[in-house]
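Undergrad: I would like the atomic coordinates for the input below:
(one chain, ligands or ions: 1)
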Amino acid sequence: MLSAESAAVVRATLPVVGASLDAITERFYATMFADRPELLDGLFNRGNQASGEQRKALAGSIAAFATMLLEHPDERPDDLLARIAHKHTAVGVTDDQYVIVHKYLFGAIAEVLGDAVTPEVAAAWDEVYWLMAGALIAMEARIYADAGAREGGTWRRWRVAARRDETPDVVSFLLTPVGDEPPPPALPGQYVSVQVVMPDGVRQLRQYTLSNAGGGARRITVKRVDDDPAGEVSTLLHATVRAGDELTLSAPFGDVTLDDSQAPLVLVSAGIGCTPMVAMLDHLAATGSGRRVLTLHADRSPDRHALREDMARLAPEHHFWYEQDAESPDRGGLMDLDGVEIPAGAVAYLCGPLPFMREARAALLRAGVAARDVHYEVFGPDLWLAAG
Ligand SMILES: NC(=O)C1=CN([C@@H]2O[C@H](COP(=O)(O)OP(=O)(O)OC[C@H]3O[C@@H](n4cnc5c(N)ncnc54)[C@H](O)[C@@H]3O)[C@@H](O)[C@H]2O)C=CC1
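TA: Numbering: from 1, shown residues only. Coordinates of the predicted model:
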């Protein structure tokens, strides 16, 4: 909880800090990477750096955290922090990196805001930073322990047992662990980081949701993204990885996982957002679940619908929408819940492009699903902006 003195200072300075956050975070990353270029090798996503997405995410998260501390001084936004903590553990963040970030972030604040940063102002924002960092460090320690791993050290090698081209731009890799050590368990809905060495020698990581229940062999399903620097890892995996190759994967992380109640489920996805849904369906089938599951998926066309056969086989009660080439009983156009009976008391999971998720969430709320029962995760660093 923020001290009363700091709360007053943070409240008074939030408008000016908030208005300068973009400049502050730009300066922060520039100075940190100039001094510590090794952080760009195997930790930060350079595509998101180039586009400014990471900067906006950091600025958004600080502003959101400070605002929540002021509005709800007795609560900690654990749900939002947990989302970040899982992403951090998936890339291997370690405690000491919070000290590095602190140094460059507060250097940037002093540089951008100049004389406005009195010792009182610096101390109050320092308290905000360490409240957030302390909560994340504690959560990350627990998540690493649950994954049976040392801090930052969940990487292990997996062999590509099979490569399957699903659609013109989506490929699945079926992976088996290298060595005898049993892999940490995966929950349906979780993702792994894949670490690759790019042609220029720099290591890059990306997260991919597991697209099967992940007993012995784990599957990831990757869409090629040609027109965005952040897509360089997916495109490299498509172009170069074949059966017999090895890949470096983190343990599975992510807190949007299938709940274990008996409430009816509604799985709502579009495009490559099919992956967690197929993992959940695979898990329900593997465990002989008797739960009612309604699966709804929208895509460009049947040919572009990755894992279409798996989804149809594992989801007896499903509706598919296609913008092109829809054939009955599938429907044409974008997803439209008119005429779809949503079971009472349902728990819903959403995954797909952000505008799709916004529409789908609103439609589910109109159909009577409680807001607390609609679960989703935004891929990439725009997490907080979407949450706010
Ligand atoms: N949870 C997340 O954050 C996810 C994010 N994405 C991101 O979204 C981007 C596009 O994903 P793709 O699989 O290529 O999707 P896509 O562009 O192929 O679209 C798939 C389907 O989503 C639906 N859709 C798209 N925009 C919509 C809108 N404004 N309103 C209603 N329905 C809409 C349409 O039915 C479309 O056929 C990717 O760059 C990916 O990173 C994708 C999946 C999950």
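Undergrad: Check the gap between the residue lying farthest from the centre of the chain and the ligand for me.
TA: No residue in the chain sits farther from the centre than residue 115, which is 37.9 Å out by CA atoms, centre = their mean. Per CB to the nearest ligand atom, to the nearest Å, residue 115 is found 41 Å from the ligand. The way it works is simple: take the backbone N, C-alpha and C, and place the C-beta from them, glycine included.
Undergrad: Can we start the residue count at 819 from this point?
TA: Okay, residue one is now 819; in that scheme the one you just asked about reads as residue 933.
Undergrad: Okay, that residue and residue 1139: tell me how far apart.
TA: Using CB to CB, to the nearest Å, residue 933 is found at 57 Å from residue 1139.
Undergrad: Quick check: residues of this protein near the ligand?
TA: 1041, 1043, 1088-1091, 1116-1118, 1141, 1152, 1169-1171, 1173-1174, 1177, 1195-1197 (CB under 6 Å from any ligand atom).
Undergrad: Assign the residue farthest from the centre of the chain to helix, strand or coil.
TA: Secondary structure for residue 933, judged by DSSP: H, G, I helix; E, B strand; the rest coil, is helix.
Undergrad: Tell me how many other residues crowd residue 1189.
TA: The tally of other residues near residue 1189 (other CB atoms under 10 Å) stands at 8.
Undergrad: next one: residue 902
TA: Neighbourhood size, residue 902 [other CB under 10 Å]: 21.
Undergrad: is it true that it touches residue 878?
TA: No - counting by CB atoms under 8 Å, residue 902 stays clear of residue 878, with 11.2 Å between them.
Undergrad: Buried only: go through the residues of the chain next to the ligand for me.
TA: The neighbour-count test (16 or more other CB atoms under 10 Å) marks 1041, 1043, 1088-1091, 1116-1117, 1169-1170, 1174, 1177, 1195-1197 as buried among these.
Undergrad: Out of those residues, the closest to residue 1124 would be?
TA: Taking CB to CB as the measure, residue 1124 lies nearest residue 1090 of those, at 6.4 Å.
Undergrad: The closest one contacts residue 1043, correct?
TA: No - Residue 1090 is beyond contact range of residue 1043, at 9.4 Å (criterion: CB under 8 Å).
Undergrad: For residue 836, give its distance to residue 1188.
TA: Distance from residue 836 to residue 1188, by CB to CB: 32 Å.
Undergrad: So which of these two has more stuff around it?
TA: Legend: neighbour count by other CB under 10 Å for residue 836 and residue 1188, higher for residue 836 (15 against 12).
Undergrad: pLDDT at that one, what is it?
TA: We have a pLDDT of 86 for residue 836.
Undergrad: which SS state does it fall under?
TA: The three-state assignment at residue 836 reads helix, by three-state DSSP.
Undergrad: right, and it touches residue 883 too?
TA: No - the criterion here is CB under 8 Å, and residue 836 misses it with residue 883 at 11.8 Å.
Undergrad: coming back round to it: quick check: the two most widely separated of the buried ones among the residues of the chain next to the ligand?
TA: The two members of those with the most space between them (CB to CB) are 1043 and 1177, at 22.1 Å.
Undergrad: so residue 980 makes contact with residue 994?
TA: No - between residue 980 and residue 994 there is no contact under CB under 8 Å: 9.5 Å.
Undergrad: shared neighbours of the two, which are they?
TA: Residues touching both residue 980 and residue 994 (CB atoms under 8 Å, 6 or more residues apart in numbering): there are none.
Undergrad: Show me the longest strand that occurs in this protein.
TA: strand 974-985 (DSSP state E).
Undergrad: Which strands or helices does that strand pack on?
TA: Identification of packing neighbours for strand 974-985 by 3 or more CB pairs under 8 Å, 6 or more residues apart in numbering; DSSP states H and E yields strand 988-995, strand 1064-1067.
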